[in-house]
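# need a structure here:
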Amino acid sequence: MRKVEAIDLFCGIGGLTCGLQQVDIKVIAGLDNDKSCQYSYEKNNNVDFICKDVTKYDFREMKDMYSKDSIKVLVGCAPCQTFSSHTFKVRNREDDIRWNMIDHFLRGIKEIKPDIISMENVRGITKTEIFFKFVEQVKKLGYKISYEVVNFADYGVPQNRNRLVFLASKLGEIFIPIKTHSKKNRVTIKGIIKKLPKIKSGEVYKNDKTHTSRNLSKLNIQRIKQSNPGGTWQDWDNELLLNCYKKESGQTYSTVYGRMSWDKVSPTITTQFSSYGSGRFGHPEQDRAISIREGALLQTFPMDYDFGKEIRIVEVSRHIGNAVPPKMGKNIGICILRHLEEVEYGKK
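Numbering: from 1, shown residues only. This next block holds a predicted model:
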C-alpha cells in the first residue's frame, strides 16, 4: 500500500491529529487561525502548525505538501458553535463568520483533490441547507460518501458526545467506523479519572500543573456538598437556590450545577467544563468541578499531553472542549486504513 498522508484543517490543539497518528497515519500539517493552539499542537504531535485564516488561505500551498505518490487524506472539524442546539433559535446566525467555514473546507477539497475526506461536526449541521449543499458538491466531485450522527460513547470515549461523522472516498464505497462499545460495556468516568490525586477547588497538584480546578466560592462549596452523584441543584436546601430556580420556569434548568457519577459516562465535555455552574461538571465525590487534566482525560487525550507552560483555565478548557477526542480520531483512522485494505484487496 502507498503511504498515507493527512492534513488536519481547523486542527485546534490536535485531538484528531493525535488519534490518526496513533494508527500510523502520518499527519504532515495542521491549519488553524488560533495562535494559542500552536504550542500544544506542535509539542504533542511533532507536526507543523499553519496559523492562517482559512477564508484567505491558498490551498495550492497545501496541495504541494503531500508526497507525490501518497494516498492523500484531508480531515477537519470546522467551527461548529453556529450549528449547535444552543443556537438554533438565534436570529441571523447565518451572519456568524463561522457559518460558512464548511464552504472553505469544500474549497480545500476542490483544490487538493484528496483521495479520502473525513469531517466531524455537531449533529445540528445535518439540519442545515449548507450541509446538504456540501454533500451534493462532494458527490459531484466523484466521491462515495457515508455519514451518520453517532454517540462517541459507542467508540470508547467516556462521555455522551453525539456528533456527525462524515467520510468520503474517491477509491470506492466507504462506511463510518464500526462501533466498539455498547451501553453494556461503555468506558465510565471511574475507569478514567478515579486514580488521580485528590485536590481541592482552586488547588494545583504539585506534580501536574494541568491537574487544577477552578476555585469555588463558599456558597458554591455548600451547594456542591449537597449535590448527589447524578444530581443537580434540585438536591439543595431551599436557601441555597438561585432565585431563578425558585420560579416555575426555572424547573427546566436541570443540566447545570450537576455532579458526575462514577459508574456512568460523563456529559459532553464542552468548552465550559471547568465551571461547576455550566453543566454537570461537578467531580463525582470531591467538592469541586473536574480539573483540566480530568476533562482532557475524559476527552481521551493522553495523560502526558502538554497543554502549555502556563495553564490558563478558561483558555485551555476551550481548547479541550473544542477538540475531536483522540480516541474517535483513532477510530476514524482505523476505518480509513480498513477501507484502503479493502480497496487494495479488491484490485487483486
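
# Next secondary structure after the helix or strand of the chain with the lowest mean pLDDT?
Least confident helix or strand, the chain: helix 243-246 with a mean of 68, by mean pLDDT, DSSP states H and E. Later in the chain than helix 243-246, the nearest helix or strand by DSSP states H and E is helix 292-298.

# in the stretch 101-250 of the chain, what spans have low per-residue confidence?
245-250 (pLDDT under 70).

# now the helices for it?
101-112, 129-140, 190-193, 218-225, 243-246 (DSSP state H, counting those that start in this stretch).

# Could you dump those into a markdown table with distance to Val343 and mean neighbour count added?
C-beta coordinates here come from the backbone N, C-alpha and C atoms, glycine included. Below are those laid out as a markdown table (distance: least, Cβ to Cβ, whole Å; neighbours: other Cβ atoms under 10 Å):
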| stretch | distance to Val343 | mean neighbour count |
| --- | --- | --- |
| helix 101-112 | 19 | 19 |
| helix 129-140 | 18 | 14 |
| helix 190-193 | 35 | 18 |
| helix 218-225 | 53 | 16 |
| helix 243-246 | 56 | 12 |
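
# Quick one: closest of those helices to Glu173.
Closest approach to Glu173 among the helices of the stretch 101-250 of the chain (Cβ to Cβ): helix 129-140, 13.0 Å.

# Tell me the gap between that closest one and the middle of its chain.
How far helix 129-140 lies from its chain's middle: 23 Å, per Cα atoms, centre = their mean, to the nearest Å.

# same for it, what does it pack against?
With contacts taken as 3 or more Cβ pairs under 8 Å, 6 or more residues apart in numbering; DSSP states H and E, helix 129-140 sits against helix 101-112, strand 144-151.

# neighbouring contacts of the last one?
Spelled out, that is strand 144-151. 123, 126, 135, 138-139, 160-170, 172-176, 179 (Cβ atoms under 8 Å, 6 or more residues apart in numbering).

# ditto for stretch 329-348
So stretch 329-348 is contacted by 1, 4, 15-20, 22-23, 25, 71, 73, 75, 116, 118, 120, 155-156, 165, 167, 169, 171-172, 174-178, 180 (Cβ under 8 Å, 6+ apart).

# cool, and stretch 49-62?
For stretch 49-62, contacts defined as Cβ under 8 Å, 6+ apart pick out 7, 9-11, 29-35, 37-38, 41-42, 97, 101, 104, 107-108, 111-112.

# Filter those residues down to the buried ones.
7, 9-11, 29-32, 34, 37-38, 41, 101, 104, 108, 112 (16 or more other Cβ atoms under 10 Å).

# And for Lys184, the neighbour number?
5 (other Cβ atoms under 10 Å).

# Please report how far it lies from Arg293.
Distance from Lys184 to Arg293, counting by Cβ to Cβ, to the nearest Å: 28 Å.

# swap in Ile334?
Distance from Ile334 to Arg293, counting by Cβ to Cβ: 26 Å.

# out of the two, which sits in the busier spot?
A side-by-side neighbour count of Ile334 and Arg293, using other Cβ under 10 Å, places Arg293 first with 26 against 19.

# For that one, report the pLDDT, please.
On the pLDDT scale, Arg293 is placed at 98.

# same check, this time on Pro79
pLDDT, Pro79: 83.

# Other residues contacting stretch 31-44?
Around stretch 31-44, the neighbours that count as contacts under Cβ under 8 Å, 6+ apart are 7-14, 17-18, 30, 47-54, 57, 62, 302, 305-309, 315, 319.

# Buried subset of the contacts of strand 144-151, written for ChimeraX?
Buried members of the contacts of strand 144-151, defined by 16+ other Cβ under 10 Å, are picked up in ChimeraX with:
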select :123,126,138,161,163,164,165,166,167,168,169,174,176
